[in-house]
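Undergrad: Predicted model and sequence follow; I will ask about them next.
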Amino acid sequence: MTDITRGSIELPSASRSLEWLARRSEAFAIPLLALVSGMVLFSVFLILLGKSPLQFFDIMWRGGFGSWFSIQNTMSRASPLLLTALCVALPARLGLVVIGGEGAIVLGGVAAAALGASFNGAPGFLVIFLMGITGMIIGGTWIGAVGALRHYRAVNETISSLLMAYIAIALMNHMVEGPLRDPASLNKPSTHPLAEAYRIGTIPGTDVHWGLIAGIVACIVSWVLIDKTRWGFAARIAGGNVRAAQVQGLAVGPLIVGFTALAGAFSGLAGMIEVAAVQGSANASLAAGYGYTGILVAFLARHNPLAIIPVAVFLGGIYASGGLIQRRMDMPDATVLVLQGMLFIVILFSETFYGRFRMFNPDLWKRAT
Amino acid sequence: MTKNFMFSRRQLLKTSAAGITLGLAPSGLLSRPAFAAAATVGFIYVGPKDDYGYNQAHAEGAAALKGIEGITVVEEENVPETVDVQKTMESMINLDGASLVFPTSFGYFDPHMLAMCAKFPAVQFRHCGGMWSKDKHPVNAGSYFGYIGMGQYLNGVVAGHTSKSKKIGFVAAKPIPQVLLNINSFLLGARAVDPAITCQVIFTGEWSLAVKEAEATNALVDQGADVITCHVDSPKVVVETAAGRGAYICGYHANQSALAPDKYLTGAEWAWGNVYKTFIDALVKGEPLPNFTRGGLAEGFVKMSPLGPAVSEAARTQFDGTLAEMSKGGFSVIKGPLKNNKGDVVVADGTAFAETAIELESMDYLIEGVVGSTS
């Protein structure tokens, strides 16, 4: 609907801008309508429970976005999701469904923590940089292996990445409870704590750590890679039709391994940031499910790296307000999961509407003028 | 339905009004102990409030405060040990005006609660787990914890009387000192009845992992264990699986008798309500809150579930006798001579550790008679 009103703005080459608008607005209008329908559906659910949807959305707004505190709360929760969503979105461009980013997070985090804890006295920026690189290499190797298994051994990447995530968590538990354990961590086995100099701080004026910026930069870089470079172009071709890509002489194997490795590297970085900015050491709390929430973010963003940013912030807001909803409306934690589930289903369903509405067809506007 | 709707709208108005007042009030005003008239207390749980276990025990403790004049209780469940819990604490302080916060999961302490202690020096934080030390930690932080090992010893006494196969079983989460003490105490209790009893232990590796807990319980029953207990966050799965297989149950954390009324013998439960009331009494009177507080059965930090119908008269007598002795104080469960299950002496003859002994907090062994390994 919105695009018609927007389309009425008079521009010199009206036909061209209308065409452009029609093409672009479909990508906004359909998810937006899906979002609204999802919320309406959820309101029905609330009314059936005898709760007020108005109160719910009011609290959600106040808890997620309504004040400076809420905005920072939302941003803190969104920041790991930016990186873990990329772990799903990048392979998706090649037609791969990788859902095991959690494994890269925990292993990247453990490796970075072990490296960081072994330093003492070296300059902070250097150690933090090395920790980041280590996390990325470990995470990249882990998910890159999923890509290699897929291409060279025809192992289904969805299953292998998921199973490898379980292995990764078991490995992390073993390392943290065994070889890397700080003997002082009696009842919560952890690695040795990082020195204060090797911790990542907060963005000045906020209490959000630098991981947010890292995530946003990673999203932008990924978008440039996919949309503006020949590798990205090759990846999209291979994602559309592997045979066609091979016939064109594209190196599909290295493309798949490269993209999955980069995806894993982002997740590994998320693990390193979690250790250096939040936990201060590696322990079982690293497996907090960010890898799995990243799947949701990537799918809602239709695997577009730039769209990941608003989607992660939106989900961050839902989580940030979840607590307030529990406290103010006396509803269980699962309420937010129900909302999330309904939105997810409706948005996935809305995918089937692309290309079905005439008003989004650029040709229509060509003929009109 | 309409009634609920009205109520929630009214509450919305009320809370927004409170929000405005809080926003206008100078922040120093919020945190003086003199707010006795009205104080908000926050509780944070790592799992669901109705898990029949660790979190339910705390939620029951929080529920015991709800009738107290001037005290508002706010709660949040399923909060992970990440930045999420920091934000939950901040949110309770900023948006609900909480002046005392109880983050109840062990992993909330460092770095999460400590970070919030530094950020909100005027708010009081008390953590369940007993980590606080005067030299290392801020004054607005503190710990409370209970000695529940003797509860597992009493579980063992009843299990020892009930077991016919002379094999009892333990489903454990992680091989950390607290869990090891519970396993050893359970077997020692059973051995006080019959020294031939052995205890098989299976570690699941996670605090909450229903599938593995069910598998472990089945495996224990398959190997002949006929009384099962556990130390996982939610004993629900273990209790239901064991009862379904015909084994008897000793509970843990909270009272699970409703899940298996015939098979439930007794259980070692937390009595957090008593502990929380002590804190709130101090808060209401404007007295400083204790920074470090601990206790066991005698101090009312821990209690036993009422004995179930399957408990024999002999078991009841020994249970009551042991409990009475423990209540007098000075009872030691871990005392020499004691060997670990590899045959090495771990507690020398003549040494006895009271439940408060610091040595018990770094326990890293399973005693002779426990079938299983810590690694």
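TA: That came through, no problem.
Undergrad: show me the contacts for residue 149.
TA: With no chain named, the answer covers chain A. For A:Leu149, the contact set (Cβ atoms under 8 Å, 6 or more residues apart in numbering or on different chains) comprises A:155, A:157, A:160. The way it works is simple: take the backbone N, C-alpha and C, and place the C-beta from them, glycine included.
Undergrad: that answer is for a different chain, and I need it for chain B
TA: Taking Cβ under 8 Å, 6+ apart, we find B:Gly149 in contact with B:181-182, B:185, B:333, B:355, B:360.
Undergrad: Likewise for B:Phe353?
TA: The neighbours of B:Phe353, taking Cβ under 8 Å, 6+ apart as the test, are B:332-335, B:347, B:359-360.
Undergrad: what's the spacing between A:Asn156 and A:His303?
TA: Separation of A:Asn156 from A:His303 (Cβ to Cβ, to the nearest Å): 19 Å.
Undergrad: who's more crowded, the two?
TA: Set A:Asn156 next to A:His303 and count neighbours by other Cβ atoms under 10 Å in any protein chain shown: A:His303 wins out with 19 against 13.
Undergrad: Would whichever strand or helix holds A:Thr74 count as contacting chain B?
TA: A:Thr74 belongs to helix A:68-92 when assigned by DSSP states H and E. Yes: Helix A:68-92 comes into contact with chain B (Cβ under 8 Å from any Cβ of the partner chain), by way of A:69, A:73, A:76-77.
Undergrad: now that we have those, which one has the most neighbours?
TA: A:Asn73 (32 neighbours).
Undergrad: What residue in the stretch 101-250 of chain A comes nearest to chain B?
TA: Across the stretch 101-250 of chain A, the shortest distance to chain B (Cβ to the nearest Cβ) belongs to A:Asn187, at 4.8 Å.
Undergrad: which non-adjacent residue is nearest that residue?
TA: Excluding the flanking residues, the one nearest A:Asn187 by Cβ to Cβ, 6 or more residues apart in numbering or on different chains is B:Ile176, at 4.8 Å.
Undergrad: pLDDT score for the one you found?
TA: pLDDT for B:Ile176: 92.
Undergrad: so it sits right up against A:Arg181, yeah?
TA: No: counting by Cβ atoms under 8 Å, A:Arg181 is not a contact partner of B:Ile176; they are 10.7 Å apart.
Undergrad: out of these two, which sits in the busier spot?
TA: Between B:Ile176 and A:Arg181, counted using other Cβ under 10 Å, B:Ile176 has the larger neighbour count: 20 against 17.
Undergrad: From B:Ile358, how far out is that one?
TA: Distance from B:Ile176 to B:Ile358, by Cβ to Cβ: 16 Å.
Undergrad: now do B:Glu75
TA: According to Cβ to Cβ, B:Glu75 stands 33 Å off from B:Ile358.
Undergrad: Neighbour count for these two, which is higher?
TA: Counted by other Cβ under 10 Å, B:Glu75 and B:Ile358 do not tie: B:Glu75 has more neighbours, with 20 against 7.
Undergrad: So for the residue lying closest to A:Gly322 once chain neighbours are set aside, what pLDDT did the model give?
TA: Nearest residue to A:Gly322 in three dimensions, chain neighbours excluded: A:Val336, at 4.0 Å (Cβ to Cβ, 6+ apart). Looking at A:Val336, its pLDDT stands at 88.
Undergrad: shouldn't A:Val336 be in contact with A:Ile325?
TA: Yes: in this structure, A:Val336 is within contact of A:Ile325 by Cβ under 8 Å, at 6.6 Å.
Undergrad: Would you mind finding the longest helix in chain A?
TA: Using DSSP state H, we find that the single longest helix of chain A is helix A:14-48.
Undergrad: Show me which residues of the stretch 101-250 of chain A sit near chain B.
TA: A:170, A:173, A:177-178, A:186-189, A:207.
Undergrad: Would you mind giving the residues you listed as JSON lines with secondary structure and pLDDT added?
TA: As requested, these are exported to JSON lines (DSSP: H, G, I helix; E, B strand; the rest coil; pLDDT from 0 to 100):
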{"residue": "A:Ala170", "secondary structure": "helix", "pLDDT": "94"}
{"residue": "A:Asn173", "secondary structure": "helix", "pLDDT": "93"}
{"residue": "A:Glu177", "secondary structure": "helix", "pLDDT": "90"}
{"residue": "A:Gly178", "secondary structure": "coil", "pLDDT": "89"}
{"residue": "A:Leu186", "secondary structure": "coil", "pLDDT": "82"}
{"residue": "A:Asn187", "secondary structure": "coil", "pLDDT": "83"}
{"residue": "A:Lys188", "secondary structure": "coil", "pLDDT": "88"}
{"residue": "A:Pro189", "secondary structure": "coil", "pLDDT": "91"}
{"residue": "A:Asp207", "secondary structure": "coil", "pLDDT": "91"}
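Undergrad: Top of the residues you listed by number of neighbours, please.
TA: Most neighbours among those, by other Cβ under 10 Å: A:Pro189, with 22 neighbours.
Undergrad: Test my guess that that residue contacts A:Pro179.
TA: No: here A:Pro189 does not reach A:Pro179: they are 11.3 Å apart, not a contact under Cβ under 8 Å.
Undergrad: quick revisit: compare A:Val336 and A:Ile325 and say which is more crowded by neighbours.
TA: Neighbours per residue (other Cβ under 10 Å) separate A:Val336 from A:Ile325, with A:Ile325 holding more: 23 against 20.
Undergrad: I'd assumed that one was in a strand, is it?
TA: No: under DSSP: H, G, I helix; E, B strand; the rest coil, A:Ile325 sits outside any strand and is assigned helix.
Undergrad: Can you give me the neighbour number for the nearest residue to it once chain neighbours are set aside?
TA: Distance criterion Cβ to Cβ, 6+ apart; nearest residue to A:Ile325, sequence neighbours excluded, is A:Ile59 at 5.5 Å. The local packing of A:Ile59 (other Cβ under 10 Å) involves 23 other residues.
Undergrad: try A:Val88
TA: Counted by other Cβ under 10 Å, the residues lying close to A:Val88 total 29.
Undergrad: OK, contacts around it?
TA: Applying Cβ under 8 Å, 6+ apart to A:Val88 gives the contacts A:97-99, A:101, A:263, A:294-295, A:297-299, A:303.
Undergrad: Identify the residue nearest A:Gly63 in space, chain neighbours excluded?
TA: A:Ser321 (2.8 Å).
Undergrad: Tell me if I'm right that that neighbour and A:Phe56 touch.
TA: No: using Cβ under 8 Å, A:Ser321 makes no contact with A:Phe56, being 9.2 Å away.
Undergrad: more crowded one of these two?
TA: Counted by other Cβ under 10 Å, A:Ser321 and A:Phe56 do not tie: A:Ser321 has more neighbours, with 27 against 23.
Undergrad: Could you pull up the contacting residues of that one?
TA: Neighbours of A:Ser321 in contact, by Cβ under 8 Å, 6+ apart: A:59-64, A:70, A:336.
Undergrad: Pipe those residues into TSV and attach secondary structure per row.
TA: As requested, these are arranged in TSV below (three-state DSSP):
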residue	secondary structure
A:Ile59	helix
A:Met60	helix
A:Trp61	helix
A:Arg62	helix
A:Gly63	helix
A:Gly64	helix
A:Ser70	helix
A:Val336	helix
